[in-house]
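In: Here is a sequence with its predicted model. Questions after.
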Amino acid sequence: MNAKELKKKLFAERKNGLLRISDEEYEKAQSYCEGYKDFINSAKTEREAVKVAVNLAEKQGFIPFEQGKKYNAGDKVYFNNRGKTVAFAVIGKSDCENGVNITAAHIDSPRLDLKPNPLYEELELGLFKTHYYGGIRKYQWPAVPLALHGVFILKDGTVKEVNVGEDDNDPKFVVNDLLPHLAHEQNKRTLPQGIKGEELNVLIGSRPFKDDEGSELVKLNILKMLNEKYGITESDFLSAELEVVPAFKACDLGFDRSLIGGYGHDDRVCAYPALTAILNIKDPEKTAVAILTDKEEIGSCGNTGLESDFLVHIIGDLTKMQGGDTTVALRNSRCLSADVNAGMDPTFQDVFEKRNASLLNYGVVVTKYTGSRGKSGTSDACAEYMASIRKMLDENDIIWQSGELGKVDVGGGGTVAVYIANKGVDVVDLGVPVLSMHSPFETTAKLDVYMCYRAMFSFMQGL
Ligand code: MN
Ligand code: MN
């Protein structure tokens, strides 16, 4: 055997997925991503994502799980947690005690939330105060068109949905920045302070209510319009969840259209694959569950985040329905924590360790551990579980790569994996590499999105 042959036998192969995929399968990837772009355009918030997902699922025969009712193999149910987290399940032939195949992705993304008392007027301009949600780079948010999504809940429980800035004819909103001519002092600030949290104020109007008397007439006119449209008064902002998000639509990027630009790839680029996979699961041996969760970006906390017992409760509901034990079911369950990883950026290669960084178009990324500075705070998937996931990916001809989140001492991050692992479930992160993560306009590659779908499907189908 010469060196070339021996290398082929012994070295790990690393090759661009676009050089490995057949033309026919690449066509499939492209058409799959048309559906994905529609999804992220219509689901920019966790509430909208749940709504769209439930609609699609109901069309495929999913029904709300009812306590005390018995469901059989092949039945499709869902658990809607406050309209912000949802879990879909296809009941398997084997009891849940023998293990459930779980995928979990998050549907919240970094953004600007309105404060409880957001509306004010200054220099006869109307503005909203915001409190950013998740790890944004604040300087990226001024001077881009923004939209407002969310709900007002009136005291009597009436829900008023808000969605302004998405239609081509809709007005948009903006956070203003200083002109360079007068930014001499601002330019001396460090990048994280370039724009401060309290400077992320959203411009929402300038036309005063016409009256010769009185102050705050711009604010008054805006409230009058909101009152006419939603029936609200100023104090109703307190029982609202209003999120300011980029107003752009997802689109193809590059002359060759191989990439997708859009807001909120993290983590809808894994949520859509998990969702479309569960919709296509048929008669699985083990029960398949796909969870689309809220609150990952702020630490998975609260009753719609995965640090809560939501997962335990739904696995419990399914298991107890069969007369089984929840602890046994969790102990035998397996999970793909479907979340993005940082793709290596040609312009910012310094922060990556190139032998372990993920690359765009090299397929879905398996991330054994996340955490930071000494794996702190991570779930480090065990070697046995890694072996079974490798086997599943290879046997189903899924193009995949392994990845790590940056150089050892540079930074790090986390996903929902650790919270699921804490329940006794085997978990590993698997998702799509992203450039400009957490920015208003992130980049992914179509091949990787499609391979994420194929991995989610093979895993939950038990292939
Ligand atoms: Mn994420
Ligand atoms: Mn994130």
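Out: Perfect, thanks for sending it. Numbers count the residues shown, from 1 in each chain. Ligands and ions are numbered 1, 2, ... in the order given.

In: near ligand 1, which residues of this protein show up?
Out: Applying C-beta under 5 Å from the ion, one finds that the chain approaches ligand 1 through 266-267, 339. All C-beta atoms are positioned from the backbone trio N, CA, C, and that covers glycine.

In: how about the helices in the protein?
Out: Assigned by DSSP state H, the chain shows helices spanning 3-10, 23-42, 46-59, 217-230, 265-280, 310-321, 326-331, 383-395, 417-421, 446-461.

In: right, so those: which one is the most enclosed?
Out: When those are scored by mean count of other C-beta atoms under 10 Å, the highest mean neighbour count falls to helix 265-280 (a mean of 28).

In: Excluding residues flanking it in the chain, which one is nearest the residue in the stretch 101-250 of the chain that ligand 1 sits nearest to?
Out: The minimum distance from the stretch 101-250 of the chain to ligand 1, using C-beta to the ion, falls at residue 106 (5.6 Å). Leaving aside its chain neighbours, residue 106 sits nearest to residue 296 (3.5 Å; criterion: C-beta to C-beta, 6 or more residues apart in numbering).

In: What count of nearby residues applies to the one you found?
Out: 27 (other C-beta atoms under 10 Å).

In: and what of the one 4 residues further on?
Out: Taking other C-beta under 10 Å as the neighbour definition, residue 300 ends up with a count of 22.

In: Please tell me how far residue 52 sits from ligand 1.
Out: Here residue 52 is placed at a distance of 19 Å from ligand 1 (C-beta to the ion, to the nearest Å).

In: could you check the distance from that residue over to residue 287?
Out: 24 Å (C-beta to C-beta, to the nearest Å).

In: quick one on the thing from earlier: want to throw the helices of the chain into a markdown table with mean pLDDT?
Out: Shown next, in a markdown table, are the helices of the chain (pLDDT from 0 to 100):
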| stretch | mean pLDDT |
| --- | --- |
| helix 3-10 | 95 |
| helix 23-42 | 98 |
| helix 46-59 | 98 |
| helix 217-230 | 98 |
| helix 265-280 | 98 |
| helix 310-321 | 98 |
| helix 326-331 | 98 |
| helix 383-395 | 98 |
| helix 417-421 | 96 |
| helix 446-461 | 98 |
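
In: which residue packs closest to the residue nearest the centre of the chain, ignoring adjacent ones?
Out: For the chain, residue 267 is the residue whose C-alpha lies nearest the centre (C-alpha atoms, centre = their mean; 2.2 Å). Take residue 267 and drop its neighbours on the chain: the residue closest to it by C-beta to C-beta, 6+ apart is residue 106, 4.5 Å away.

In: is it true that the one you found touches residue 414?
Out: No - using C-beta atoms under 8 Å, residue 106 is not in contact with residue 414, being 11.5 Å away.

In: what about those two, which has more around it?
Out: Ranked by neighbour count (other C-beta under 10 Å), residue 106 and residue 414 place residue 106 first, with 29 against 21.

In: Report the mean per-residue pLDDT for the longest strand seen in the chain.
Out: Determined from DSSP state E, the single longest strand within the chain is strand 111-122. Across strand 111-122, pLDDT averages out at 98.

In: Tell me which strands it pairs with, and in which orientation.
Out: Using DSSP bridges, the strands paired with strand 111-122 are strand 125-133 (antiparallel), strand 240-246 (antiparallel).

In: Determine which stretch of those is the most buried.
Out: Taking mean count of other C-beta under 10 Å, strand 240-246 is the most buried of the strands paired with strand 111-122, at a mean of 22.

In: next one: it to chain centre, how far?
Out: Its chain's C-alpha centre and that of strand 240-246 lie 16 Å apart, by C-alpha atoms, centre = their mean, to the nearest Å.

In: In the stretch 51-200 of the chain, where is pLDDT below threshold?
Out: Across the stretch 51-200 of the chain, nothing is flagged by pLDDT under 70.

In: for the stretch 301-450 of the chain, what are the low-confidence residue spans?
Out: For the stretch 301-450 of the chain, no range has pLDDT under 70.

In: Please tabulate the helices of the chain in CSV and include distance to residue 99 as additional columns.
Out: Listed next are those as CSV, based on distance: least, C-beta to C-beta, whole Å:
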stretch, distance to residue 99
helix 3-10, 35
helix 23-42, 29
helix 46-59, 23
helix 217-230, 47
helix 265-280, 17
helix 310-321, 10
helix 326-331, 7
helix 383-395, 12
helix 417-421, 14
helix 446-461, 12
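
In: looking at those, which is closest to residue 112?
Out: Minimum separation from residue 112 across the helices of the chain (C-beta to C-beta) falls at helix 46-59, 14.8 Å.

In: ok, and what's touching the closest one?
Out: The contact list for helix 46-59, computed with C-beta atoms under 8 Å, 6 or more residues apart in numbering, reads 39, 42-43, 62, 76, 78, 80, 83-86, 88, 107-108, 149-151, 241, 268, 271, 275, 278-279, 292, 294, 304.

In: Just the CA atoms of it, as PDB, please.
Out: Below are the C-alpha coordinates for helix 46-59, written out as PDB (Å, rounded to 0.1, in the frame of the first residue of the first chain):
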ATOM      1  CA  GLU A  46     -41.500  32.600  19.100                       C
ATOM      2  CA  ARG A  47     -45.300  33.200  19.100                       C
ATOM      3  CA  GLU A  48     -45.500  33.400  15.300                       C
ATOM      4  CA  ALA A  49     -43.300  30.300  15.000                       C
ATOM      5  CA  VAL A  50     -45.600  28.300  17.200                       C
ATOM      6  CA  LYS A  51     -48.600  29.500  15.300                       C
ATOM      7  CA  VAL A  52     -47.100  28.600  11.900                       C
ATOM      8  CA  ALA A  53     -45.800  25.300  13.200                       C
ATOM      9  CA  VAL A  54     -49.200  24.300  14.700                       C
ATOM     10  CA  ASN A  55     -51.000  25.300  11.500                       C
ATOM     11  CA  LEU A  56     -48.700  23.100   9.400                       C
ATOM     12  CA  ALA A  57     -48.900  20.200  11.900                       C
ATOM     13  CA  GLU A  58     -52.700  20.300  12.100                       C
ATOM     14  CA  LYS A  59     -52.800  19.900   8.400                       C
END
